[in-house]
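Colleague: No letters, just coordinates:
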């Protein structure tokens with residue numbers, strides 16, 4: 001195995017992910033494969049809960065790990081690597097869903113034997129966020145409040161995970177989330 005990745009394979013703590021990511025930044029493909037093997041199963045599951053189109057989820061998975069390969073330095077060293085990977089994956093999914101029309105997604109789902117006949121609740125919410133009253137209300141939020149709302153509500157992170165991802169204390173996440181929800185309520189009323 002290249003670059004010491006074999007030793008890292010058997011570690012089970014988050015520091016192992018950081019070590020693998022450092023190896024990826026040095027061009028170690030084995031380290032990327034190990035990161036993929038560790039994180040792909042849960043990432044696929046979480047993305048699938050937000051999008052019922054398996055093809056889109058698979059493309060987003062590929063895009064996510066290509067992004068990890070190309071920009072491992074995007075991880076700032078704060079928080080867990082898993083939260084960073086999730087952030088990449090969910091942003092890629094949202095971008096992909098914005099590009100695909102509802103009718104295209106419904107046609108794709110109809111071709112898939114396991115797919116249900118209508119968009120998932122998450123897909124409907126994401127479309128509502130991009131278009132309509134919710135989008136306008138979100139645009140009026142400050143970037144700090146919008147980032148916390150995106151991390152916790154749209155990305156599905158816990159306040160602890162969001163704090164790690166955003167590099168702020170968990171209490172600040174909770175306070176900003178409370179303020180963001182109040183401002184959204186007022187904006188939608």
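Modeller: Looks like it arrived, so ask away. Because the structure is predicted, anything quoted here is derived from the model rather than measured.
Colleague: Give me the longest helix you can find in this protein.
Modeller: Criterion DSSP state H: the longest helix present in the chain is helix 29-50.
Colleague: Buried ones in it, by neighbour count?
Modeller: Using 16 or more other Cβ atoms under 10 Å as the test for burial, helix 29-50 gives 30-32, 34-36, 38-39, 43-44, 46-48, 50. Every C-beta, even on glycine, is put in place using the N, C-alpha and C of the backbone.
Colleague: from those residues, which two are the most distant?
Modeller: Largest separation among the buried residues of helix 29-50 by Cβ to Cβ: 30 and 50, giving 30.1 Å.
Colleague: and the next element down the chain from the helix or strand bottoming out on mean pLDDT in the chain?
Modeller: Taking mean pLDDT, DSSP states H and E as the measure, helix 5-9 is the helix or strand of the chain with the lowest mean score, a mean of 40. Following helix 5-9 in sequence order, the next helix or strand is helix 14-25 (DSSP states H and E).
Colleague: list the helices and strands that next one packs on?
Modeller: Contact analysis of helix 14-25 by 3 or more Cβ pairs under 8 Å, 6 or more residues apart in numbering; DSSP states H and E lists helix 5-9, helix 29-50, helix 54-70, helix 81-99 as its packing neighbours.
Colleague: how far does it sit from the chain's center?
Modeller: 19 Å (Cα atoms, centre = their mean, to the nearest Å).
Colleague: repeat for stretch 152-163
Modeller: On Cα atoms, centre = their mean, the centre of stretch 152-163 falls 10 Å from the chain's centre.
Colleague: End to end on that stretch, go ahead and measure it.
Modeller: End-to-end distance for stretch 152-163, by Cα to Cα, to the nearest Å: 10 Å.
Colleague: Give me the contact list for it.
Modeller: 46, 50, 79-80, 83, 86-87, 90, 94, 126, 129, 148, 151, 165, 169-170, 172-174, 177 (Cβ atoms under 8 Å, 6 or more residues apart in numbering).
Colleague: swap the cut-off to 7 Å and go again
Modeller: With contact meaning Cβ atoms under 7 Å, 6 or more residues apart in numbering, stretch 152-163 is reached by 46, 83, 86-87, 90, 148, 151, 165, 169-170, 173-174, 177.
Colleague: Now the two most distant members of those residues.
Modeller: Applying Cβ to Cβ across the contacts of stretch 152-163, the maximum distance is between 46 and 169, 24.7 Å.
Colleague: To residue 133, which of the helices and strands packed on helix 14-25 lies closest?
Modeller: Taking these one by one with Cβ to Cβ, helix 81-99 is closest: 17.3 Å.
Colleague: got the angle for the closest one vs helix 29-50?
Modeller: Relative orientation of helix 81-99 versus helix 29-50 (axes from the mean of the first three to the mean of the last three Cα atoms, to 10 degrees): 50 degrees.
Colleague: which secondary structure elements does helix 81-99 contact?
Modeller: helix 14-25, helix 29-50, helix 54-70, helix 121-130, helix 159-166 (3 or more Cβ pairs under 7 Å, 6 or more residues apart in numbering; DSSP states H and E).
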